[in-house]
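**Student:** model this:
(2 chains)
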Amino acid sequence: MARKVTTANVVVSTAGAWLVGFLIFFPILWMVLTSFKTELEAFATPPSFLFFHWTTENYATVQERSDYLHHALNSIIIAGGSTLIALLIAVPAAWSMAFSPTKRTKDVLLWMLSTKMMPPVGVLVPIYLIYKNVGLLDTRAGLIFILCLGNLPIVIWMLFTYFKEIPKDILEAARMDGATIGRELIYVLTPMAIPGLASTLLLNLILAWNEAFWTLNLSTLEAAPLTTFIASYSSPEGLFWARLSAASTLAIAPILIIGWFSQKQLVRGLTFGAVK
Amino acid sequence: MATKQTQVLARTLLSPAVLLLFIWMIVPLALTIYFSLLHYSLLDPGSESFVGLENFRYFLTDPAFLASLQNTLVLVGSVLLLTIGLGIPIALLLDQPVVGRNFVRLMVIAPFFVMPTVSALVWKNLLMHPVSGLFAWIATSLGLTPVDWFTDAPLLAIIFIVAWQWLPFATLILLTALQSLDEEQKEAAEMDGASALSRFIYLTVPHLARPITVVILIETIFLLTVFAEIFVTTGGGPGLQTTNIAFLVYSQALIQFDVGSASAGGLVAVVIANIVAFFLVRIVGRNLEA
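**Tutor:** This is a model prediction of the structure:
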């Protein structure tokens, strides 16, 4: 390449970038470190950064005192369930709009997007009352249902933009060769759609796992996922920092890993294809 | 090309999604509108009566509404300023030749994956605590007085937490846009003798206009409904200092059990969000044509 990049340039920008990256990441790092301290050391001033008595007792305490695994399981079931159901509904819809578009397809898509713009607080009252009356408050089914609906527009949109990139000629070639719609779907479309499906699945898992409006308002204990569980540490008697840190580390670890893997698709998914 | 048969099939495949979203949009919203016209308190069951626009008059003239509207605007505006004002230089920095760029990218993007309740509590306790927090220690080491964030500047504290969560989003989108800027264009401008500054002003800035708009609109949609961060740190207080519209509606509904007035407030929130959504949908729609 013709552009000259001097060593000095690289050194300066590398140092700058690492410093910025470290500063942004620091609160997470600090939380992880604190989770391995004793409660006394967690409060200590001056704080110790690395040379403290490392312990894993907080992780054990979190499980014993508050049944962490119960809430983790709720998170898995709620995030996973709502994502899978949303995909089941969205795949046919997106497939149909991408491959048999009509004049109204664009309007339908934009209308779906506009349902996502509705602030949840605008419908909090009726949803809460309906849930209370039919006994869905604090149930996993209730949360799965509402998170599924809430994320459905994003799922349809992401799938649509991926499906639209699959060349139609290949489908027509398959049709010419006498493939039925079913075979076309299984042997031609599915292999090409898998990367898009996978990134949609991951992004939606992240969104559902971290959703903290409906989960806080509609669950208290039985169905409480990790978002609600962590919120219980906001009460004064729950102010055990090392424990809070241990519970938080466990709560964000799986999603941080998934998120790092899917970061390339994130932009596209969250901007509805407006930035690629 | 589409036969009658595939058309019917396509419509059958589409209808469950359309139907569900239609019900999801219409039923709760219709109920909210209906409740907003009633005197309806859960503490006083059986007293429901039609009061017309009384709830709206009550909600809109309530001093709490003006305070929370102001807090909402300050919160949204400050977080937008912080995330975009910091996001642009960080994206430009990451677009430079950086050794280990992928790892730096991972560190920068990480806060976005942290659930709101965790980031709020970790910031409030581990970092912002006036005695044992890390910020207090840094301030004392520098000979300054530690700030008692949640007493003296509670809204600012919330703003910092939320900005930390959304900075990765702005940075990532701007970085993606920067990387799609044509390298050859930059070289051509360089060969024509354009200075680094004028290349930035005439090439990079126009290229970033669209992604910045997208960041503003999408962030605004989410920032208008910030809830969990307030719920676990301040509970809207002290006083009304950190109550935004979303939190106000929540507290009227589930703390004061005033269904009618909360519904009116919810509709006000819907109207505000729709104004933003209108522009976002237009921008995204324009992109569909291409």
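**Student:** which residues in chain B form strands?
**Tutor:** Under the criterion DSSP state E, chain B contains strands at B:38-39, B:49-50.
**Student:** Tell me which of these approaches residue A:136 most closely.
**Tutor:** In this view, the strands of chain B are compared for proximity to residue A:136 by Cβ to Cβ, and strand B:38-39 is the closest at 22.8 Å. C-beta coordinates here come from the backbone N, C-alpha and C atoms, glycine included.
**Student:** on that earlier part again, dump the strands of chain B into CSV; add mean neighbour count, distance to residue B:175 and mean pLDDT as well.
**Tutor:** As requested, the strands of chain B are exported to CSV (neighbours: other Cβ atoms under 10 Å in any protein chain shown; distance: least, Cβ to Cβ, whole Å; pLDDT from 0 to 100):
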stretch, mean neighbour count, distance to residue B:175, mean pLDDT
strand B:38-39, 18, 50, 84
strand B:49-50, 9, 54, 82
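**Student:** out of everything not next to it in sequence, what's closest to residue B:51?
**Tutor:** residue B:39 (4.7 Å; Cβ to Cβ, 6 or more residues apart in numbering or on different chains).
**Student:** How many residues are close by residue 268?
**Tutor:** Defaulting to chain A. The local packing count at residue A:268 equals 21, with neighbours defined by other Cβ atoms under 10 Å in any protein chain shown.
**Student:** that's the wrong chain, I wanted chain B
**Tutor:** Residue B:268: 22 surrounding residues under other Cβ under 10 Å.
**Student:** quick one, what contacts it?
**Tutor:** Counting by Cβ atoms under 8 Å, 6 or more residues apart in numbering or on different chains, residue B:268 touches B:56, B:59, B:60, B:65, B:245.
**Student:** Check residue A:43 too.
**Tutor:** Remark: with contacts taken as Cβ under 8 Å, 6+ apart, residue A:43 is in contact with A:241, B:132.
**Student:** Could you report the pLDDT at it?
**Tutor:** Predicted confidence (pLDDT) at residue A:43: the value is 79.
**Student:** Whether stretch A:20-30 contacts chain B - can you check?
**Tutor:** Yes - if you take Cβ under 8 Å from any Cβ of the partner chain as the test, stretch A:20-30 does meet chain B, through A:20, A:21, A:22, A:24, A:25, A:27, A:28, A:30.
**Student:** Likewise for stretch A:190-205?
**Tutor:** No - using Cβ under 8 Å from any Cβ, stretch A:190-205 stays clear of chain B, coming no nearer than 10.8 Å.
**Student:** re the thing from before, roughly how far apart are the residue nearest to residue B:51 and residue B:54?
**Tutor:** The spacing between residue B:39 and residue B:54, counted by Cβ to Cβ, to the nearest Å, is 7 Å.
**Student:** Pipe the contacts of residue B:268 into TSV and attach pLDDT, distance to chain A and neighbour count per row.
**Tutor:** Formatted as TSV, the contacts of residue B:268 follow (pLDDT from 0 to 100; distance: Cβ to the nearest Cβ, whole Å; neighbours: other Cβ atoms under 10 Å in any protein chain shown):
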residue	pLDDT	distance to chain A	neighbour count
B:56	88	14	19
B:59	84	13	24
B:60	86	16	14
B:65	88	14	20
B:245	86	7	25
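**Student:** Could you list which of those belong to helices?
**Tutor:** Secondary-structure check on these using DSSP state H: residues within helices are B:56, B:59, B:60, B:65, B:245.
**Student:** Spatially, what comes nearest to the fourth one if we skip its sequence neighbours?
**Tutor:** Nearest residue to residue B:65, sequence neighbours excluded (Cβ to Cβ, 6+ apart): residue B:59, at 5.7 Å.
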